[in-house]
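Student: sequence first, predicted model second:
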Amino acid sequence: MTATTDGSTGAPPLPAAAAKDSTTVTPPPDGGPAAATTAAERATARAVDHLLSRQDPEGWWKGDLQTNVTMDAEDLLLRQFLGIQDERTTRAAALFIRSEQRPDGTWATFLGGPPELSATIEAYVALRLAGDAPDAPHMATASAWIRAQGGIAASRVFTRIWLALFGWWKWDDLPELPPEIMYVPKWVPLNIYDFGCWARQTIVPLTVVSAKRPVRPAPFALDELHTDPRRPNPPRPLAPATSWDGVFQRLDKALHRYRRFPVKPLRRAALNAAARWIIERQENDGCWGGIQPPAVYSVIALHLLGYDLDHPVLRAGLASLDRFAVWREDGSRMIEACQSPVWDTCLAAIALADAGVAPDHPALVKAADWMLDEQILRPGDWTVRRPELPPGGWAFEFHNDNYPDIDDTAEVVLALKRVAHPDRARLDAAVERAARWNLGMQSKDGAWGAFDADNTSPFPNRLPFCDFGEVIDPPSADVTAHVVEMLAVLGRQHDPRTRRGIEWLLAEQEENGGWFGRWGVNYVYGTGSVVPALVTAGLPASHPAIRRAVRWLESVQNDDGGWGEDLRSYRDPEWIGRGASTPSQTAWALMALLAAGERDGKAVERGVARLVETQAEDGSWDEPHFTGTGFPWDFSINYHLYRQVFPLTALGRYVHGEPFAADRQEA
């Protein structure tokens, strides 16, 4: 189910416990610990049945991955650019985009978030492509708001690139991104491997688009989206030359001058190098990196270089994009930015095992078989920094052999270790390969990023082109915690590399007692990841870091017993730990508290009661709020399976105890 946003943009509640959602919950009569356990057992059993019913016959799970309407708008713009639009797709996409518009005429990028200019511009243009008249009330309200925010000129670079493809914006007024970047050596700042893998896969094809500067005939004008159509891009003063912004702005001006008089043989060679790079990284299913934006720009780039739409590379690429479409019962069509079967499957297996499902249950064995088949045994871009390291990781998606990720690899190992697989030698070999790969991907500071080691250059984020979110992949607390937990479960808690990871985590603890969450929202996710990892690795529940984390989680528990944290916590410290209670965030807090030995505490009792009370009759939970991130604040994600797997994990641990607790005692 996709919920429409509520349009709320107000300040966070003043007391830490005041953030509530619209659900009115009547606390059950106090029946004591035994009654609470019985209620949790029933809820756990219902949730197990529900999750088992959602497993694919091949063994995997996958929930919808919901982001925002820019995915849907850009899909329509791509079809318009390539001349492959069709009435059914256009109508379905427009239906979804309209359903996400708020009463003030705007679009946000997460439930209840503030209006977002670029998303509103792209959604508006897509609806115009679908035939919505500019003077229709919903369109006029949107365009008036866009003008009030500065119009197209104030939007992000990606939005203006899409508009430039149709002459709605001038290419000269965009930052320059020359394809010659392909020849920048790997040891020189701003080489393509200084960018995070998601940015790298997007930037390489965009160098082709930037060099070619195509313009397709625009089907209409967009004067209503400029503050002054006669001066759509009013000049802005440069930042001081002594500042980093000023340096990179002047570099961009120099690149614009070079574009007028490029070294033609070098430019041709660079375009060919970019094309080879793109084609070499196309996955078996036709996609690039398993994510929608690089696939879209790769299709455009190759088409501009002369590849016909019937060429096998482009035919496979376009077919892969169709697989990102989720057709809904109301006839609308939502585009996923990515698909998460490996991530969802390992989390589902962990949840079921921790909820008491037998380790040799057919569903767990089938899930393990599928995950084992998905292990990546060939090199990818990560070898640029780790050329001698043998492969052994897992990716997030169905097909993404070039970019396995450290987080998925750790969680898959944690899932496999819970399964009694009939071919134990096969499973153990896969686990050993994964552990070796993850250890080899440790960054020099002792922690782990998501896809690359030591991807920490400060320069890519400063490029005028890179205003679309995080473009590097530094280590994070949540990924590092998952790796530390994996290593501890494998009996390597005393390995010096594991100890370095633990030391890094302890140093990263915030003054309030929590940990920043890079890939989930936010401090509740970071803390919910780190505390179980530290305890699994041998820190006692009495350790000062654990006690500080417990006190912080207790201080931000909502009055309804749950936990929630709004995405605005990435921008405004007043929102840290505050927001409407959600099933996944409540579960993360409970997982930390349970690991810290707080099972019999009041906070855990109230949190468990919240999960029990909000469970639907079919064993599921509803969660319209966005609790995942692609880029903190800039790109938010609602993983539709989070609402199932994490509450089940928390309830399972409440009922059955902590996983691997006996192993910890022996250690």
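Tutor: Now that the structure is in, tell me what you want to look at.
Student: so how far is residue 129 from residue 87?
Tutor: From residue 87 over to residue 129 the distance is 12 Å, taken as Cβ to Cβ, to the nearest Å. For glycine as for every other residue, the C-beta is placed from the backbone atoms N, C-alpha and C.
Student: who has more neighbours out of those two?
Tutor: More crowded of residue 87 and residue 129, by other Cβ atoms under 10 Å: residue 129, with 20 against 9.
Student: correct me, but the more buried one touches residue 78?
Tutor: No - counting by Cβ atoms under 8 Å, residue 129 does not reach residue 78; the two are 10.9 Å apart.
Student: what residues are up against residue 128?
Tutor: 134, 139, 220, 222 (Cβ atoms under 8 Å, 6 or more residues apart in numbering).
Student: out of those residues, which is nearest to residue 43?
Tutor: Taking Cβ to Cβ as the measure, residue 43 sits nearest to residue 139 out of the contacts of residue 128, at 45.7 Å.
Student: burial count for the closest one?
Tutor: Residue 139: 18 neighbours (other Cβ under 10 Å).
Student: part of a strand, is it?
Tutor: No - membership of residue 139 in a strand is not supported by DSSP: H, G, I helix; E, B strand; the rest coil, which gives helix.
Student: could you shift the numbering so residue one becomes 238, and keep it that way?
Tutor: Yes, from this point I'll number from 238; that puts the last item at residue 376.
Student: pLDDT wise, what is it at?
Tutor: Note on residue 376: pLDDT of 98.
Student: spit out the contact partners of the closest residue in space to it that isn't next to it in sequence.
Tutor: Residue nearest to residue 376 in three dimensions, not counting chain neighbours: residue 369, with 5.4 Å by Cβ to Cβ, 6 or more residues apart in numbering. Under the criterion of Cβ under 8 Å, 6+ apart, the neighbours of residue 369 are 331, 375-376.
Student: residue 576 now?
Tutor: By Cβ under 8 Å, 6+ apart, the residues touching residue 576 are 299, 302, 527, 560-561, 634-635.
Student: cutoff 6 Å now
Tutor: Residue 576 makes contact with residue 634, according to Cβ atoms under 6 Å, 6 or more residues apart in numbering.
Student: closest one to residue 547 out of the contacts of residue 369, please.
Tutor: For the contacts of residue 369, the nearest to residue 547 is residue 331 (27.7 Å; Cβ to Cβ).
Student: wasn't the closest one part of a strand?
Tutor: No - counting by three-state DSSP, residue 331 is not found in a strand; it is helix.
Student: wait, it sits on residue 368?
Tutor: No - with contact defined as Cβ atoms under 6 Å, residue 331 does not reach residue 368; the gap is 7.8 Å.
Student: more neighbours: which of these two?
Tutor: Per other Cβ under 10 Å, whichever of residue 331 and residue 368 has more neighbours is residue 331, with 23 against 11.
Student: how far away is the residue nearest to the more buried one when sequence neighbours are not counted from residue 379?
Tutor: Leaving out its chain neighbours, the residue that sits closest to residue 331 by Cβ to Cβ, 6+ apart is residue 367, at 3.6 Å. Noted for residue 367: a distance of 14 Å to residue 379, by Cβ to Cβ.
Student: ditto for residue 468
Tutor: Taking Cβ to Cβ, one finds residue 468 at 22 Å from residue 379.
Student: quick one, which of these two is more surrounded?
Tutor: Neighbour count, other Cβ under 10 Å: between residue 468 and residue 379, residue 379 has more, with 27 against 10.
Student: okay, that one: pLDDT?
Tutor: So residue 379 comes in at 98 (pLDDT).
Student: and what about it, helix, strand or coil?
Tutor: What three-state DSSP gives for residue 379 is helix.
Student: just residue 571 next, same as before
Tutor: strand.
Student: contact partners for it?
Tutor: Taking Cβ under 6 Å, 6+ apart as the test, what residue 571 contacts is 333, 563.
Student: check residue 563 too.
Tutor: Contacts of residue 563 by Cβ under 6 Å, 6+ apart are 301, 571.
Student: just among the contacts of residue 365, which is most surrounded?
Tutor: Most crowded among the contacts of residue 365, counting by other Cβ under 10 Å, is residue 459 at 23 neighbours.
Student: surely that one meets residue 405?
Tutor: Yes - with contact defined as Cβ under 6 Å, residue 459 reaches residue 405; the gap is 4.9 Å.
Student: who touches both of the two?
Tutor: By Cβ under 6 Å, 6+ apart, no residue touches both residue 459 and residue 405.
Student: in what helix or strand does the residue nearest the centre of the chain lie?
Tutor: In the chain, the C-alpha nearest the mean C-alpha coordinate belongs to residue 867, at 2.8 Å (Cα atoms, centre = their mean). Per DSSP states H and E: residue 867 is located in strand 865-868.
Student: can you give the contact residues for that strand?
Tutor: 706-707, 756-757, 873-874, 876.
Student: so what are the sheet partners of the helix or strand immediately after it in the chain and their directions?
Tutor: Next helix or strand after strand 865-868 toward the C-terminus (DSSP H and E): strand 872-876. Sheet pairing of strand 872-876 (DSSP bridges) gives strand 302-303 (antiparallel), strand 865-868 (antiparallel).
Student: could you dump the ones you listed to JSON lines with distance to residue 535 and mean pLDDT?
Tutor: Formatted as JSON lines, those follow (distance: least, Cβ to Cβ, whole Å; pLDDT from 0 to 100):
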{"stretch": "strand 302-303", "distance to residue 535": "20", "mean pLDDT": "96"}
{"stretch": "strand 865-868", "distance to residue 535": "18", "mean pLDDT": "94"}
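Student: now residue 715, nearest residue through space, not along the chain?
Tutor: Closest residue in space to residue 715, ignoring its immediate chain neighbours: residue 766 at 4.2 Å, by Cβ to Cβ, 6+ apart.
Student: output the contacting helices and strands for the strand or helix carrying the one you found.
Tutor: In the assignment (DSSP H and E), residue 766 maps to helix 760-773. The contact analysis (3 or more Cβ pairs under 6 Å, 6 or more residues apart in numbering; DSSP states H and E) places helix 760-773 against helix 714-726, helix 820-832.
Student: dump the ones you listed into CSV; add distance to residue 320 as well.
Tutor: Compiled in CSV, those are given as follows (distance: least, Cβ to Cβ, whole Å):
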stretch, distance to residue 320
helix 714-726, 42
helix 820-832, 42
